[in-house]
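A.B. asks: Can you look at this prediction? I've put the sequence above it.
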Amino acid sequence: MAEAGDGAAAAADTPRPLGRGSRALGELGGGTQASHRLLAYSDALLSIIATVMILPVAHTKIHPDQKFGESVQQLLATKIAVYLMTFLIVTVAWAAHVRLFQVIELIDDVLALLNLACMMLITFLPYTFSLMASFPGVPFGIFMFSICAVIIGCIQAIIVLYGFHHPYLLNHQIQESENQEFYKYHILKIILRGPTLSFLAAIFSFFFIPLSYMFLGLVIFFPHLSHLTKWFKSKFLGQEEEVPLESFTFYLTEPLSKERVEAFSDGVYAIVATLLILDICEDNVPDSKEVKEKYHGHLIDALSVYGPNFLAYFGSFVTIGLLWFVHHSLFLHVTKATRLMGVLNTLSLAFVGGLPLAYQLTSDFADKSHNQIEAIQVSCVTIFFASIFQFGIWTAALFHERESLHPFARYGGREHAFMFAKLALYPCVSLAVFILTCIVSELSTTIFHLTQIIVPFAFLVLRLFVRIGLMVLKLIMSLSRPRGSVLEEEEQACLSPAEILS
């Protein structure tokens, strides 16, 4: 497995010239074909699997009369912790898959079937997670999860060996390289380090479960620790990693391309939004017998009972949609995703994946739950971390703005101010609502719903407010200087009233 924060290098998304060992696709025999559709299918499936891990947590039933006591808090905290770990492990598996198909660019029927076998086991992971989350102290759940990870790694290793046994399937530059063994060893090391740690987790699950969880945690952190070690050796010991002499357009430790990061992120956002309506369809359709007997056949009267549930649904969907909007706006300004940006994006997606839990908790308002304040606070914390990690992506991009950002979005520009305002809105709002629920608890539900209504309009007027703020700031700066010292560049940058309204 590879780093969750890594992304596919740009060469993975560019047209591939054919090497010496390849022929035109139409001339290749044995069903050889491009891997574009296989990759799209695999990316979609992996983003779905990573996201549906939240369902066992979101569907934890808490009776409206049941207090949000210590036992319930411990149950939810355990499930949330296991969810975050397994979500990140699936993103590590996705990154390994990306790396694998950087090396293997063409597929045949054997590779397609091997990839399907790999995907089948990945789709089984949510069930093993349900066992882990429901029975965290029982070894069988963590054993099943770990064994699935081991088998997935073994299948991917077979794909690598098969690809190098048929060199015409490889990246054209590797085909022509005299160091194919180096690349085979390197991609196998990336793919097998996660399954190796998972194998150790499976063994220790029957002896000491906390150590098993530690090994699974290392699956997530080991790639970053390895990269940190290489950086330390290079910076302080002068030891550089040995790389072949050929000039390649990609290297397997380079950050992922922003295109693959965007595709995976869009999949997560889309699936989280879809999970909300599945819950609506499952829990908010009245029984036909109840409608006939209790409401005398009046379906509208029966549906009116579910009004707060629909309000929670629309509020949650708007939140997910606006978080995607901010993510989309952010990556419009990004030209290249660094390793740190990839890590922060993965963490943001992990909390976005937790929003169905926030919906389930806030939909309990319909039952006049005793846990309204706690439900709102859980929702605020989830939204805060999902948005603050987005803010972190922007901050990381500013540290390498010449490589990571378009010139018009760099520090000090107008677009930088707009982006800063967009990214700061949700962290500030969620934090403010959290504090208000602690101060005026009796109005917490009203405050929460009002916020959900106001925030979309805030996005609509945000650009106007930022433009007016920039104009006022530049006007103050110009008045504080002698007229002759105002630079012509600053005068041109000032906005006219017509520009503000445009």
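C.D. replies: On my side now, so go ahead.
A.B. asks: roughly how far out does the helix or strand hosting residue 317 sit from the chain middle?
C.D. replies: Element membership for residue 317, per DSSP states H and E: helix 307-333. How far helix 307-333 lies from its chain's middle: 15 Å, per C-alpha atoms, centre = their mean, to the nearest Å.
A.B. asks: Return stretch 94-111 as PDB; C-alpha atoms alone will do.
C.D. replies: Provided in PDB are the C-alpha atoms of stretch 94-111 (Å, rounded to 0.1, in the frame of the first residue of the first chain):
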ATOM      1  CA  TRP A  94      -6.400   3.500  -3.200                       C
ATOM      2  CA  ALA A  95      -3.000   5.200  -3.300                       C
ATOM      3  CA  ALA A  96      -1.400   1.800  -3.800                       C
ATOM      4  CA  HIS A  97      -3.700   1.100  -6.600                       C
ATOM      5  CA  VAL A  98      -2.800   4.400  -8.200                       C
ATOM      6  CA  ARG A  99       0.900   3.700  -7.900                       C
ATOM      7  CA  LEU A 100       0.400   0.200  -9.400                       C
ATOM      8  CA  PHE A 101      -1.300   1.500 -12.500                       C
ATOM      9  CA  GLN A 102       1.400   4.100 -13.000                       C
ATOM     10  CA  VAL A 103       3.700   1.200 -13.700                       C
ATOM     11  CA  ILE A 104       1.200  -0.900 -15.600                       C
ATOM     12  CA  GLU A 105      -0.500   1.100 -18.300                       C
ATOM     13  CA  LEU A 106      -2.100  -1.500 -20.500                       C
ATOM     14  CA  ILE A 107      -4.300  -4.400 -19.300                       C
ATOM     15  CA  ASP A 108      -5.500  -7.700 -20.700                       C
ATOM     16  CA  ASP A 109      -8.200 -10.100 -19.600                       C
ATOM     17  CA  VAL A 110      -6.100 -11.700 -16.900                       C
ATOM     18  CA  LEU A 111      -5.200  -8.300 -15.300                       C
END
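A.B. asks: May I see the buried residues of it?
C.D. replies: Applying a neighbour-count criterion of 16 or more other C-beta atoms under 10 Å, the buried positions in stretch 94-111 are 94-108, 111. All C-beta spots, glycine's among them, are computed from the backbone N, C-alpha and C.
A.B. asks: same for the following helix or strand past the helix holding residue 317, what does it pack against?
C.D. replies: Using DSSP H and E, the next helix or strand after helix 307-333 towards the C-terminus is helix 339-352. Here helix 339-352 touches helix 70-103, helix 258-283, helix 307-333, helix 372-399, going by 3 or more C-beta pairs under 8 Å, 6 or more residues apart in numbering; DSSP states H and E.
A.B. asks: Now do the strands in the chain.
C.D. replies: Assigned by DSSP state E, the chain shows strands spanning 33-34, 106-107.
A.B. asks: okay, now residue 467: neighbour count?
C.D. replies: 18 (other C-beta atoms under 10 Å).
A.B. asks: err, residue 288, not the other one
C.D. replies: Neighbour tally, residue 288, other C-beta under 10 Å: 11.
A.B. asks: How about the spatially most central residue of the chain: what's its closest non-neighbour residue?
C.D. replies: Nearest residue to the geometric centre of the chain (C-alpha atoms, centre = their mean): residue 349, 2.8 Å. The spatial neighbour of residue 349 that comes closest, neighbours along the chain excluded (C-beta to C-beta, 6 or more residues apart in numbering), is residue 268 at 4.8 Å.
A.B. asks: Same question for residue 148.
C.D. replies: residue 121 is the one closest to residue 148 (C-beta to C-beta, 6+ apart), at 5.2 Å.
A.B. asks: And residue 447, by the same measure?
C.D. replies: The shortest distance from residue 447 to any non-neighbouring residue, by C-beta to C-beta, 6+ apart, is to residue 436 (5.3 Å).
A.B. asks: So that neighbour sits against residue 448, correct?
C.D. replies: No: with contact defined as C-beta atoms under 8 Å, residue 436 does not reach residue 448; the gap is 9.1 Å.
A.B. asks: more crowded one of those two?
C.D. replies: Counted by other C-beta under 10 Å, residue 436 and residue 448 do not tie: residue 448 has more neighbours, with 23 against 17.
A.B. asks: contacting residues around residue 222?
C.D. replies: Residue 222 makes contact with 193-194, 197, according to C-beta atoms under 8 Å, 6 or more residues apart in numbering.
A.B. asks: Counting neighbours, which of the residues you listed comes out on top?
C.D. replies: Compared across those, residue 194 has the highest neighbour count, 27 neighbours, by other C-beta under 10 Å.
A.B. asks: possible to save the helices and strands packed on helix 339-352 as CSV with mean pLDDT and distance to residue 177?
C.D. replies: Compiled in CSV, these are given as follows (pLDDT from 0 to 100; distance: least, C-beta to C-beta, whole Å):
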stretch, mean pLDDT, distance to residue 177
helix 70-103, 79, 11
helix 258-283, 81, 23
helix 307-333, 84, 33
helix 372-399, 87, 33
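A.B. asks: Format the ones you listed as TSV; extra columns: distance to residue 415.
C.D. replies: TSV is the format used below for the helices and strands packed on helix 339-352 (distance: least, C-beta to C-beta, whole Å):
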stretch	distance to residue 415
helix 70-103	29
helix 258-283	17
helix 307-333	7
helix 372-399	12
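A.B. asks: show me what contacts the residue nearest to residue 148?
C.D. replies: Counting by C-beta under 8 Å, 6+ apart, residue 121 has contacts 148, 151-152, 155.
A.B. asks: Show the model's pLDDT score for it.
C.D. replies: Confidence at residue 121, expressed as pLDDT, is 90.
A.B. asks: Likewise for residue 15?
C.D. replies: In this model, residue 15 carries a pLDDT of 40.
A.B. asks: what's the distance between the residue nearest to residue 56 when sequence neighbours are not counted and residue 118?
C.D. replies: In space, and not counting its chain neighbours, residue 56 is closest to residue 130: 4.4 Å by C-beta to C-beta, 6+ apart. Going from residue 130 to residue 118 by C-beta to C-beta, to the nearest Å gives 21 Å.
A.B. asks: Repeat that for residue 200.
C.D. replies: The separation that residue 200 has from residue 118, given C-beta to C-beta, amounts to 21 Å.
A.B. asks: Also residue 50?
C.D. replies: Applying C-beta to C-beta to residue 50 and residue 118 gives a distance of 15 Å.
A.B. asks: Give me the more crowded residue out of the two.
C.D. replies: Taking other C-beta under 10 Å, residue 50 and residue 118 do not tie; residue 50 has more neighbours (28 against 22).
A.B. asks: residues contacting that one?
C.D. replies: 87, 90-91, 94, 268, 349, 353.
A.B. asks: surely residue 42 meets residue 119?
C.D. replies: Yes: counting by C-beta under 8 Å, residue 119 is a contact partner of residue 42 at 6.3 Å.
A.B. asks: just to revisit the earlier point, just want the angle from the helix holding residue 317 to helix 258-283.
C.D. replies: Inter-element angle recorded for helix 307-333 and helix 258-283: 180 degrees (by axes from the mean of the first three to the mean of the last three C-alpha atoms, to 10 degrees).
A.B. asks: buried residues in helix 307-333?
C.D. replies: Neighbour-count burial for helix 307-333 [16+ other C-beta under 10 Å]: 308-309, 311-313, 315-317, 319-320, 322-324, 326-327, 329-331, 333.
A.B. asks: quick one: the residue nearest to residue 447 and residue 261, what's the gap?
C.D. replies: Residue 436 sits 35 Å away from residue 261, going by C-beta to C-beta.
A.B. asks: How about residue 213?
C.D. replies: From residue 213 to residue 261 the distance is 28 Å (C-beta to C-beta).
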